[in-house]
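*Asks:* The sequence and its predicted three-dimensional model are supplied below.
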Amino acid sequence: MLDGAFVARWVRALERLLEEHRDYLTQLDAAIGDADHGINMHRGFSAALRELDGGAGEAPGRMLEAVGRVLVLTVGGAAGPLYGTAFRQAGRVLGEAPSFGPAELFAALRAGLEGIQRLGAAAEGDKTIVDAFAPGLAALQRELRAGTGLGEAVRRAREAAEEGMRSTIPMQARKGRASYLGPRSIGHQDPGATSTALLFSALERAVEEGATP
Amino acid sequence: MGVTELAERLGLPKATVHGLLRTLEAEELVERDADSGKYRLGPVLLQLGNAFLDNHELRARSLLWADALASRAMEAVRVGVLNGASVLVIHHVFRPDDSLQILEVGNAIPWHACALGKAIVAYLDGDRRRELLGAPLPRLTGRTLTDPEALGRELDRIALMGVAFEDQEAIIGEAAIAAPVFDHLGQVVGAIGVGGPVERLLPDGPSDHLIAAVKEAARGLSRELGAGRVAARGG
């Protein structure tokens, strides 16, 4: 069962990963964006973590919504509204339930992706967050349907998200500031897809940590 | 790019491409990577690009106005011209704080998704405007206006007000305010405007202070280009 403690582990793991990769993300963003993705994301998730520690309630859905609200206010740039919307939509799906299962986790993530796509109008191949999120989510669905255990399913989802992240390198950006560069955006890995791969990586860690007593 | 790839894409024999590359290399228009042996664009192209910018009258005259606007608005300033269906950024002044920013000169932004582009197209003659509205209008965010009729109404409103707004239509989280610049013939030649986070630029709709600053910079710049008072007003 996944609960509020799981959400806290997920956000904490992501905050840690973002801290480790802060300069790397900023470097990626400097090539095709405005060189603030790493700093912005880490600032936002540090604030989100403080919000959860300050007591955002016990219901996992409400916690995710609180994280989303904080991200919108603190991340800035395009990533703030995009990730903020994703977490809020995910939280809304889970509602007041004190715990949830893998199927609800998938539904919540799918609502998150839909929120991102509504806001950004991005499809796969546009060189955005979606290029890591969509394959990660698809892999999660595939594995859960095949009856794979949650630990293995989120591992495969993380691998698919990372593969999606790497697939952005040869793409020409069609959304966001990178798209203004036209063909010059080719050859660079998308920073948003990279932070999304970290989100899946954090998910894997949160599930793992929950499994070990 | 390698010789083989270039030859394939150009449909020319490899020997011919090789000869052309040797000439371009001698003129420093391309250079050859010592490790991979592949070719890339050379340093002289930067000089050519700079020569284009240096000889551009609007850019030359916009330098002071753009600086003044940036410090008055405390926001980043961009000057753009219409190039096909895109706005080419020909000058960019960073937001005057210490934040890390990346130069956007040379960026091409679809006209219908940005304040600069809408400010320019609102003042083009009917034929060119129809032509641009009839061409593909790609969606860059969930808020991009892609319906030609809605966009046409927006252009009418801009022509009436003399100022264009952009609310996350090009990039999520970003907003802009821009006004058209006219030449001595009273024709629109480009636009100047401020851009930045939507929560700062359009907290509850655009602030009168920013609109006034942008319009004043555009008017001053137009007058410098010889525009008469009526045209410079954006009327």
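*Replies:* Great, that's in hand. Numbering: from 1, shown residues only, chains lettered A, B, ... in the order given.
*Asks:* Can you pull out the low-pLDDT segments for chain B?
*Replies:* B:54-55, B:229-235 (pLDDT under 70).
*Asks:* Break it down into its structural domains.
*Replies:* Using automatic domain parsing, the domain ranges for chain B come out as B:3-49, B:57-232.
*Asks:* element containing residue 46, please.
*Replies:* You didn't say which chain, so I picked chain A. Counting by DSSP states H and E, the element that carries A:S46 is helix A:37-53.
*Asks:* Let me rephrase: I mean chain B.
*Replies:* Element membership for B:L46, per DSSP H and E: helix B:44-54.
*Asks:* Dump the C-alpha coordinates for that helix into PDB.
*Replies:* The C-alpha trace of helix B:44-54 is given here as PDB (Å, rounded to 0.1, in the frame of the first residue of the first chain):
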ATOM      1  CA  VAL B  44      33.800  33.900 -40.500                       C
ATOM      2  CA  LEU B  45      30.000  33.200 -40.500                       C
ATOM      3  CA  LEU B  46      29.900  34.900 -37.100                       C
ATOM      4  CA  GLN B  47      31.500  38.000 -38.700                       C
ATOM      5  CA  LEU B  48      28.900  37.900 -41.500                       C
ATOM      6  CA  GLY B  49      26.200  37.600 -38.900                       C
ATOM      7  CA  ASN B  50      27.500  40.500 -37.000                       C
ATOM      8  CA  ALA B  51      27.900  42.600 -40.200                       C
ATOM      9  CA  PHE B  52      24.200  42.000 -40.800                       C
ATOM     10  CA  LEU B  53      23.400  43.200 -37.300                       C
ATOM     11  CA  ASP B  54      25.700  46.100 -37.400                       C
END
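*Asks:* Give me the distance from it to the chain's centre.
*Replies:* Using CA atoms, centre = their mean, to the nearest Å, the mean C-alpha position of helix B:44-54 is found 17 Å from that of the whole chain.
*Asks:* Give me the residues contacting it.
*Replies:* B:27-29, B:59-60, B:90-91, B:105-106 (CB atoms under 8 Å, 6 or more residues apart in numbering or on different chains). Any C-beta I mention is one placed from the backbone N, CA and C, and that applies to glycine too.
*Asks:* Which of those has the largest number of neighbours?
*Replies:* B:H91 (24 neighbours; other CB atoms under 10 Å in any protein chain shown).
*Asks:* List the buried residues in whatever helix or strand that one lives in.
*Replies:* Under the criterion of DSSP H and E, B:H91 resides in strand B:86-93. Within strand B:86-93, the residues that count as buried by 16 or more other CB atoms under 10 Å in any protein chain shown are B:86-93.
*Asks:* now stretch B:92-108
*Replies:* Neighbour-count burial for stretch B:92-108 [16+ other CB under 10 Å]: B:92-95, B:102, B:104-108.
*Asks:* Quick one: closest of the domains of chain B to A:R43.
*Replies:* domain B:57-232 (12.7 Å; CB to CB).
*Asks:* Are the closest one and chain A in contact anywhere?
*Replies:* Yes - using CB under 8 Å from any CB of the partner chain, domain B:57-232 reaches chain A at B:89, B:99-102, B:104, B:107-109, B:138-142, B:144, B:168, B:171-174, B:197.
*Asks:* In strands, which of those appear?
*Replies:* Judged by DSSP state E, strands contain the following of the residues of domain B:57-232 next to chain A: B:89, B:108-109, B:174, B:197.
*Asks:* Please enumerate the helices of chain A.
*Replies:* For chain A, the helices defined by DSSP state H occupy A:4-20, A:22-32, A:37-53, A:60-74, A:79-94, A:102-120, A:130-145, A:150-167, A:191-211.
*Asks:* Dump those to JSON lines, plus mean neighbour count, distance to B:V44 and mean pLDDT.
*Replies:* Formatted as JSON lines, the helices of chain A follow (neighbours: other CB atoms under 10 Å in any protein chain shown; distance: least, CB to CB, whole Å; pLDDT from 0 to 100):
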{"stretch": "helix A:4-20", "mean neighbour count": "20", "distance to B:V44": "42", "mean pLDDT": "96"}
{"stretch": "helix A:22-32", "mean neighbour count": "20", "distance to B:V44": "23", "mean pLDDT": "94"}
{"stretch": "helix A:37-53", "mean neighbour count": "22", "distance to B:V44": "33", "mean pLDDT": "94"}
{"stretch": "helix A:60-74", "mean neighbour count": "23", "distance to B:V44": "45", "mean pLDDT": "95"}
{"stretch": "helix A:79-94", "mean neighbour count": "24", "distance to B:V44": "38", "mean pLDDT": "96"}
{"stretch": "helix A:102-120", "mean neighbour count": "20", "distance to B:V44": "38", "mean pLDDT": "96"}
{"stretch": "helix A:130-145", "mean neighbour count": "22", "distance to B:V44": "36", "mean pLDDT": "97"}
{"stretch": "helix A:150-167", "mean neighbour count": "21", "distance to B:V44": "34", "mean pLDDT": "97"}
{"stretch": "helix A:191-211", "mean neighbour count": "23", "distance to B:V44": "31", "mean pLDDT": "95"}
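*Asks:* what's near enough to touch A:D23?
*Replies:* Counted by CB under 8 Å, 6+ apart, A:D23 has contacts A:G38.
*Asks:* can you check the one 4 residues further on too?
*Replies:* Contact criterion CB under 8 Å, 6+ apart gives A:G38 as the residues in contact with A:Q27.
*Asks:* Point out the one among the helices of chain A that comes closest to B:G134.
*Replies:* Across these, B:G134 has its closest neighbour in helix A:102-120 (25.8 Å, CB to CB).
*Asks:* helices or strands up against that closest one?
*Replies:* With contacts defined as 3 or more CB pairs under 8 Å, 6 or more residues apart in numbering or on different chains; DSSP states H and E, the packing partners of helix A:102-120 are strand A:2-3, helix A:79-94, helix A:130-145, helix A:150-167.
*Asks:* would you list these in CSV and tack on distance to B:D35?
*Replies:* Putting the helices and strands packed on helix A:102-120 into CSV (distance: least, CB to CB, whole Å) gives the following:
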stretch, distance to B:D35
strand A:2-3, 49
helix A:79-94, 35
helix A:130-145, 29
helix A:150-167, 22
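*Asks:* Please look at A:R118 and B:R139 and confirm they touch.
*Replies:* No - the criterion here is CB atoms under 8 Å, and A:R118 misses it with B:R139 at 11.6 Å.
*Asks:* And for chain A, the residue most distant from the center?
*Replies:* A:P183 (26.7 Å; CA atoms, centre = their mean).
*Asks:* So that one is in contact with A:Q172, correct?
*Replies:* Yes - under the criterion of CB under 8 Å, A:P183 makes contact with A:Q172 at 5.8 Å.
*Asks:* Overlap in contacts, the two.
*Replies:* When CB under 8 Å, 6+ apart defines a contact, no residue borders A:P183 and A:Q172 alike.
*Asks:* re the thing from before, ok, then the element right after the helix holding B:L46?
*Replies:* Heading C-terminal from helix B:44-54, the first helix or strand you meet, by DSSP H and E, is helix B:57-73.
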